[in-house]
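Sequence and predicted model, in that order:
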Amino acid sequence: MTWMDLENIRLIERSQSQKSRATQGFYDLRRENDANTELVLFVTSSLRSTLKERFQYVQVPGNHYVHMNQPQHMAGIISSFLQSKERIPAHL
């Protein structure tokens, strides 16, 4: 392992230990103040009005890497979505 590999590992470990939550995952991890939710509210509102009953929004507890650290939490949500009976064909 080279010095650069060790430095990259340190950077990855440092970024994973940052205090962010999946509920704030849309925001830049480096921002200290995630109180401004205006952009997320705009995006979710736009998607909700466009997609209507097809829109699904789920918040999960955990940090930015919850999908890697606790995949079982995400797997249940994703499986339910993929196995839902309501299928609306996509129009590409």
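Received it, and whenever you're ready, just let me know what you need.

Please count neighbours and contacts with C-alpha atoms only from this point.
Fine.

which residues in the chain form helices?
Ranges of helices in the chain, per DSSP state H, are 3-16, 38-51, 66-69, 71-82.

buried stuff in the shortest one?
Within helix 66-69, the residues that count as buried by 16 or more other Cα atoms under 10 Å are V66.

Show me what that helix is packed up against.
Judged by 3 or more Cα pairs under 8 Å, 6 or more residues apart in numbering; DSSP states H and E, helix 66-69 is in contact with helix 71-82.

count of residues packed around L47?
L47 is flanked by 15 other residues according to other Cα atoms under 10 Å.

Could you measure from it over to S80?
According to Cα to Cα, to the nearest Å, L47 and S80 sit 20 Å apart.

next one: F42
F42 sits 26 Å away from S80, going by Cα to Cα.

what's the answer for H73, then?
12 Å.

Have a look at those two and say which one is more surrounded.
Ranked by neighbour count (other Cα under 10 Å), H73 and S80 place H73 first, with 15 against 10.
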